[in-house]
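J.: Give me a 3D structure for the following:
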Amino acid sequence: MTTMVWVLVVAFVLDLALGDPRWLPHPIRGFGWFLARWETPWRALGGWIGVRLAGVFFAATAITAGTAVVTVSIMWAAAVPWVASALAIYWTYSLLAVRDLDVEAGRVIRELRQGRLEAAWRQVAMIVGRDTEQLDESGVLRAVTETVAEGLSDGVVAPLFYFAVGDPAGMAFYKAANTLDSMVGYKNERYGEFGWASARFDDVLNWIPARLTTAIIWLTALLLRLNMTRSIRAVRRDTALQPSPNAGYPEAAFAGALGVQLGGLAFYGGRPIHKPTLGDPMTPLTLDVAGDVRRLLYGTSLFAFLMTGGALWLRT
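T.: Presented below is the predicted three-dimensional model:
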């Protein structure tokens, strides 16, 4: 078995076993710290070259820096193969988010099961960008389900796809761009121009993974005896109406497979935003759905892992 297949296997097992413990240094937190400081000089330069162009250079240099850290560290350790392999495993493990998605969603679900809606608001606010204080139980569950579906693409399938393309360096390249989008890719007064390049580049990088995630969700739904046919119909019918070119795909696939309706009214900064709906309300969004959300998360992640391993095997 090739080295990168072993790296993938060990990293995936570590992610399932450990998730992202707070005591362990995490590259995404470090990269976020770097971005918050790297933004300042480029914003200052925007007064000379234009805010949008400054944002282009900010994104390009930040992604290059993030990718270089991973690439150079493994190359530096190449003289000692086991050290290089250990570093590759660490980077790969830390850039996956299967267990972390489950843990974050599980915290919200536990609060709801114990009837603590306000505590559930606080927990769900840590993983979504919308206002949470107006949400009833079904609204909280809708937010969690949408987050798991989108995170399955951004945090699992896309990183594995780029690992298959370019090993840990390819994975780091994607995660740097995705983290950049999550920090500056907003359509608001502060980031509308400066974050334009970051948002567009993330859209490009996620085009294939979002659709690949959808196809794997269909396969998983079939094997788990959920509704694959309804999932396909929801994707074909509802994704074209979504503001994002990518996020609607895994969300619609989840909605159809579960028989629930996602999207609709949400509040951001106190303002109501009416998003197009995804799926049909065949089943009410209650705590009974939470188990199927979890099964879809792990089933799809496992299939993505197996497909990545197969791609690496064929690549050698």
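J.: taking the mean pLDDT, what do you get for stretch 291-308?
T.: When pLDDT is averaged over stretch 291-308, the result is 98.
J.: which outside residues touch that stretch?
T.: 8, 12, 98, 101-102, 105-106, 144-145, 148, 152, 156-157, 160-161, 163-164, 212-213, 216-217, 219-221, 223-224, 226, 254, 257-258 (CB atoms under 8 Å, 6 or more residues apart in numbering). Backbone N, C-alpha and C define where each C-beta goes, glycine included.
J.: same thing but 7 Å
T.: 8, 12, 98, 101-102, 145, 148, 152, 156-157, 160, 163-164, 213, 216-217, 219-220, 223-224, 226, 254, 257-258 (CB atoms under 7 Å, 6 or more residues apart in numbering).
J.: Same question for stretch 155-174.
T.: Here stretch 155-174 has contacts from 4, 8, 63, 66-67, 70-71, 74, 88, 91-92, 95-98, 101, 175, 205-206, 208-209, 212-213, 216, 301, 304-305, 308, 311-312, using CB under 7 Å, 6+ apart.
J.: Could you confirm Tyr174 falls within a strand?
T.: No. Read with DSSP: H, G, I helix; E, B strand; the rest coil, Tyr174 is helix and lies in no strand.
J.: Quickly find the element holding the residue nearest to it when sequence neighbours are not counted.
T.: Nearest non-adjacent residue to Tyr174, counting by CB to CB, 6 or more residues apart in numbering: Tyr162, 4.0 Å away. Per DSSP states H and E, Tyr162 falls inside helix 158-184.
J.: could you point out which element follows that helix?
T.: Immediately after helix 158-184, counting by DSSP H and E, sits helix 196-223.
J.: model confidence over the helix or strand following that next one, on average?
T.: Per DSSP H and E, helix 196-223 leads on to helix 228-238 as the next helix or strand towards the C-terminus. Taken as a whole, helix 228-238 has an average pLDDT of 97.
J.: what helices or strands is helix 228-238 leaning on?
T.: The elements that helix 228-238 packs onto, with contact taken as 3 or more CB pairs under 7 Å, 6 or more residues apart in numbering; DSSP states H and E, are helix 196-223, helix 248-258, strand 271-278.
J.: Would you mind telling me which of those is nearest Trp38?
T.: helix 196-223 (12.0 Å; CB to CB).
J.: for that closest one, packing partners?
T.: helix 51-76, helix 158-184, helix 228-238, helix 248-258, helix 290-315.
J.: buried sites along the longest one?
T.: Burial within helix 158-184, assessed by neighbour count using 16 or more other CB atoms under 10 Å, is assigned to 158-165, 167-184.
J.: now the first one
T.: Within helix 51-76, the residues that qualify as buried by neighbour count (16+ other CB under 10 Å) are 51, 53-56, 58-59, 62-63, 66-67, 69-71, 73-74.
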